[in-house]
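In: got a structure for you, letters missing:
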């Protein structure tokens, strides 16, 4: 006499599928956060190594820090990386890294890009204006840094940040206005990574929803119009105040 064959009923199969779907719904956000956490850690490591390279550059150049404006082309003013131009090829972009002032100290091209960076970009980090960058920000002539010895409280002074894509200049932020100029980014859970003058890096999570509005505005729209509108002015935004203090040491206005 043959043995009776057991099988799942249709209802039992549907129950199993439903349980699997529920488990996936629970696990997927957790896995997504874990992946993003890993990218944040990798990005923080990149910024730490770039900032250490920035320090080594100054040590080897009589305390002078590297040029922050990436569009400089004169042989005597080699920037930290060279801007290859809009729409540059991959090889031209990589050559811009290799011929930059920091490559000797940070000789891995992957170090110059956040893991969540734009596919066609090979440098996503920037140096702020205050660190030997664009010199014409109103009210900042006495706040510009050209030698490391000028820096006090180095653990609080921002050098690098994750800008999102390379531009021909340093990263610009107003000093005497409660207002953004260059776009801030939101990565790794709605925040941004920074590298500081003492060689450490930090992740700052944004608290003001207006900061996220700036970060999530279309890049070209922000560059061409939005940064000149009222949306860029954000009274009482503690995120903005925090970044301004990190860049310029203090606020040039009464908040």
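Out: That came in fine, so what should we check first? Everything quoted here is computed from the prediction, not taken from an experiment.

In: can you map out the helices along the stretch 151-255 of the chain?
Out: 209-215, 219-224, 238-248 (DSSP state H, counting those that start in this stretch).

In: if we compare the ones you listed, which one ends up closest to residue 173?
Out: Nearest to residue 173, of all those, is helix 238-248, at 5.3 Å by CB to CB. C-beta here means a position set from N, CA and C on the backbone, and glycine is covered the same way.

In: what comes into contact with that closest one?
Out: With contact meaning CB atoms under 8 Å, 6 or more residues apart in numbering, helix 238-248 is reached by 128-130, 140, 143, 156-158, 173-175, 178-180, 184, 194, 196, 204, 206-208, 211, 234, 251, 255.

In: at 7 Å instead, please
Out: With contact meaning CB atoms under 7 Å, 6 or more residues apart in numbering, helix 238-248 is reached by 128, 130, 140, 143, 156-158, 173, 175, 178, 180, 194, 206-208, 211, 234, 251, 255.

In: do stretch 134-142 as well
Out: Outside stretch 134-142, the residues that touch it by CB under 7 Å, 6+ apart are 69, 129, 144, 169, 170, 172, 175, 176, 248, 252.

In: min pLDDT across those, which one?
Out: Ranked by pLDDT, those bottom out at residue 169 (93).

In: contacting residues around it?
Out: Applying CB under 7 Å, 6+ apart to residue 169 gives the contacts 69, 70, 71, 134.

In: quick one: buried ones out of these?
Out: Buried subset of the contacts of residue 169 (neighbour count, 16 or more other CB atoms under 10 Å): 69, 70, 134.

In: most tightly packed of the helices of the stretch 151-255 of the chain?
Out: Among the helices of the stretch 151-255 of the chain, helix 238-248 has the highest mean neighbour count (mean count of other CB atoms under 10 Å), at a mean of 21.

In: show me how far that one is from its chain's centre.
Out: For helix 238-248, the separation from the chain centroid amounts to 15 Å (computed by CA atoms, centre = their mean, to the nearest Å).
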